[in-house]
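**Q** build me a structure from this.
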Amino acid sequence: KHNKEQYKNSIRRMKKLTYLVFLLSFLGQAQIVDPVKWTTKIVQKSASEFELVMEAAIEKEWHFYSQYTPDLGPLPAVFEYKNQKGNYSLVGKTKESTYHKQFNEDFGVDEYYFADKAQFKQRVKVTNTNLKEIKVYLEYQACKEQCTQQDKTFTFKLPESQQADAIVSEQNNENTAVVV
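**A** Model (predicted):
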């Protein structure tokens, strides 16, 4: 009798556990909304200058807003360049591909947004020749019928051979400056 009762309790616990695992896996999948897929690349422009390129592929019917979206409108894309101090400087502002412009009755302002795809480029001048990577943090709002707040961190690895070239180039520039 004792073994029979333990067996029944064991079966009940297994059923509850199975139900709980099923429920959690379903809820976990249902809440992940990531309608924008990102790719990145780094392009060397000179011995110490690089262009960071971030490209977005946006799912059908979704869009997100330009960093230049007017105040009082929806939330714009915001780029934050990490580990900048003493390592690199930004050359100009972050450039973006052509956006759509549409007046929004709810906000009473023009919206600047991207649909299908978007590209962002930021030129940087490396000042620390030992720098191995640049991190860029992006916050943006992706919308379809409702909006969801998104964020991404991109890591751009500087090519090691380019770092050596940058060191040689900067040393040559210093020597030239001293000689002249």
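**Q** tell me which stretches of the chain form strands.
**A** With strands called from DSSP state E, the chain shows them at 36-44, 49-58, 63-65, 78-81, 88-96, 100-104, 109-115, 117-126, 133-143, 147-157.
**Q** pick the most buried one from these.
**A** The highest mean neighbour count among those belongs to strand 63-65 (a mean of 23), with neighbours defined as mean count of other Cβ atoms under 10 Å. Backbone N, C-alpha and C define where each C-beta goes, glycine included.
**Q** what does it contact?
**A** With contacts defined as Cβ atoms under 8 Å, 6 or more residues apart in numbering, strand 63-65 is touched by 36, 56, 58, 73-77, 100, 111-115, 118, 140-144, 150.
**Q** do stretch 106-121 as well
**A** Around stretch 106-121, the neighbours that count as contacts under Cβ under 8 Å, 6+ apart are 51-58, 60, 62-66, 68-74, 76-77, 79, 94-97, 99-104.
**Q** cool, and stretch 52-61?
**A** Taking Cβ under 8 Å, 6+ apart as the rule, stretch 52-61 contacts 35-43, 64, 114-124, 134, 136, 138, 142, 144, 154, 156.
**Q** show me what the mean pLDDT comes to for it.
**A** Taken as a whole, stretch 52-61 has an average pLDDT of 97.
**Q** what does stretch 145-163 give?
**A** Stretch 145-163 shows an average pLDDT of 86 in the prediction.
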